[in-house]
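Engineer: Kindly return the folded structure for what I paste below:
(one chain, ligands or ions: 2)
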Amino acid sequence: MLRFRCIQLFTSPFEAPFIQSFKPHTSISCAQMGSYSTTSSSAQNSPKLVFRQLFEKESSTYTYLLADASHPQKPALLIDPVDKTADRDLALVKELGLKIIYAINTHVHADHVTGSGLIKTKFPGVKSIISKASNAKADLFVEPGDKIYFGDIFLEVRATPGHTLGCVSYVTGDGPNQPQPRMAFTGDALLIRGCGRTDFQIFTLPKDTLLYPAHDYKGFTVSTVGEEMLYNPRLSKDKETFKNIMQNLNLSYPKMMDVAVPANMVCGLQETKSEAC
Ligand SMILES: N[C@@H](CCC(=O)N[C@@H](CSS)C(=O)NCC(=O)O)C(=O)O
Ligand SMILES: [Fe+2]
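Structural biologist: Ligands and ions are numbered 1, 2, ... in the order given. You can find the predicted model right below:
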């Protein structure tokens, strides 16, 4: 049975929150690394993706900026913004002539405070998004299978459990006018040649899907599903070996844990509680 959910349908998807939910989950698809923009070759009016991979060095966090440059209003979103680099990211949004509409988190981070709340105080029209299952506060809650539109481009929400409660990945669409190859923003579920915890759902995506995690501790910037299936030293092992590796990581308690988690449950602005979310 197909269930369709649409939160606040306005004249165009980016002018207001526009999230569709299709159950059962329909398959999706987009770009490349660093500074990237692409136009689908098949249709003249197809969306043009603007893509930037941004880095916050204290927590080794990647923030991703995506926008639909073909749309007159150039709607943009940030995935996993960090409070310390929110101003830098917003300055880039302005320089590129984009309109930020969403601040999205893959999960409640333990190592840094999200920039969502801060971004919303500077741009009150921006909606924060996180998964419903995370139990964190936000303007919009997504579930696996939901589609988040910015202009004519969308991200599908994919459940990628294991790292934190309700942690999800955001995957670009595979519709006829969506940029190719697909891109998966994996949060901490899958790191390049590593993982925060496992997520085998990522490996059901096409092998040329570009993988963009929330962190990198070794200098990598992008990988593919095919590469990680072959060379990820954790996920290429059998289940027992994997369990053994993960039980013996001996990672230290994240320095920011006691500050970051409570703050990230309320959009990054703990003092003002829910108002900023
Ligand atoms: N030392 C850092 C925390 C490092 C850490 O625990 N990273 C997490 C992702 S952030 S929740 C992780 O899952 N790492 C996996 C790995 O293999 O490193 C700090 O103190 O902040
Ligand atoms: Fe994390």
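
Engineer: gap between the closest residue to ligand 1 within the stretch 51-200 of the chain and residue 214?
Structural biologist: Nearest residue of the stretch 51-200 of the chain to ligand 1 (C-beta to the nearest ligand atom) works out as residue 196 at 3.2 Å. In this view, the C-beta of every residue, glycine as well, is placed from N, C-alpha and C. Distance of residue 196 to residue 214, given as C-beta to C-beta, to the nearest Å: 8 Å.

Engineer: can you pull out the strands in the stretch 101-250 of the chain?
Structural biologist: Secondary structure of the stretch 101-250 of the chain (DSSP state E, counting those that start in this stretch): strands located at 127-131, 140-142, 146-150, 153-159, 168-172, 183-187, 210-213, 223-224.

Engineer: In TSV, list the ones you listed along with distance to residue 81 and mean neighbour count.
Structural biologist: Formatted as TSV, the strands of the stretch 101-250 of the chain follow (distance: least, C-beta to C-beta, whole Å; neighbours: other C-beta atoms under 10 Å):
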stretch	distance to residue 81	mean neighbour count
strand 127-131	10	26
strand 140-142	15	21
strand 146-150	15	24
strand 153-159	15	25
strand 168-172	13	28
strand 183-187	12	27
strand 210-213	14	25
strand 223-224	22	20
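
Engineer: Could you export these to a markdown table, including columns for distance to residue 262 and mean pLDDT?
Structural biologist: As requested, those are exported to a markdown table (distance: least, C-beta to C-beta, whole Å; pLDDT from 0 to 100):
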| stretch | distance to residue 262 | mean pLDDT |
| --- | --- | --- |
| strand 127-131 | 15 | 98 |
| strand 140-142 | 19 | 98 |
| strand 146-150 | 26 | 97 |
| strand 153-159 | 24 | 96 |
| strand 168-172 | 21 | 97 |
| strand 183-187 | 19 | 97 |
| strand 210-213 | 24 | 95 |
| strand 223-224 | 32 | 96 |
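
Engineer: Having no further points to raise, I will conclude here.
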